[in-house]
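>>> Sequence below, structure please.
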Amino acid sequence: MASNALDLTAAVWRKSSYSNGSGGECVEVASDIPGLVPVRDSKRPDGPVLLLAATAWAPFVASVKTTCA
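Okay, here's the model as predicted:
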């Protein structure tokens, strides 16, 4: 049976520049997946990953900034 799961084992993750190093809210994204922006909690690297269409990334970030402001 074929799997349609996305293999992110080779993804290059980078932490948000807004993340502080003292256990705060830390978000990582991988930008090397064509057409997608995977997002995860840096404190749970083996946890769930939110997959956003690359075209949805800017609206997602704008919404978070508005909500958290």
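>>> only C-alpha atoms for contact and neighbour calcs from this point on.
OK.
>>> Listing request: residues of this protein with sub-threshold pLDDT.
Low-confidence segments of the chain, defined by pLDDT under 70: 1-3, 18-25, 69.
>>> ranges for the strands of it?
13-15, 27-30, 36-41, 50-53 (DSSP state E).
>>> Kindly reformat those strands as JSON lines containing distance to Leu6 and mean neighbour count.
Shown next, in JSON lines, are the strands of the chain (distance: least, Cα to Cα, whole Å; neighbours: other Cα atoms under 10 Å):
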{"stretch": "strand 13-15", "distance to Leu6": "15", "mean neighbour count": "16"}
{"stretch": "strand 27-30", "distance to Leu6": "13", "mean neighbour count": "19"}
{"stretch": "strand 36-41", "distance to Leu6": "10", "mean neighbour count": "19"}
{"stretch": "strand 50-53", "distance to Leu6": "10", "mean neighbour count": "14"}
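>>> Quick check: which of those is nearest to Thr67?
The closest of the strands of the chain to Thr67 is strand 27-30. By Cα to Cα, the value is 15.9 Å.
>>> Identify all contacting residues around that closest one.
11-16, 19, 37-42 (Cα atoms under 8 Å, 6 or more residues apart in numbering).
>>> wait, which of the strands of the chain is closest to Ser63?
Evaluated with Cα to Cα, the strands of the chain place strand 50-53 nearest to Ser63, the distance being 13.5 Å.
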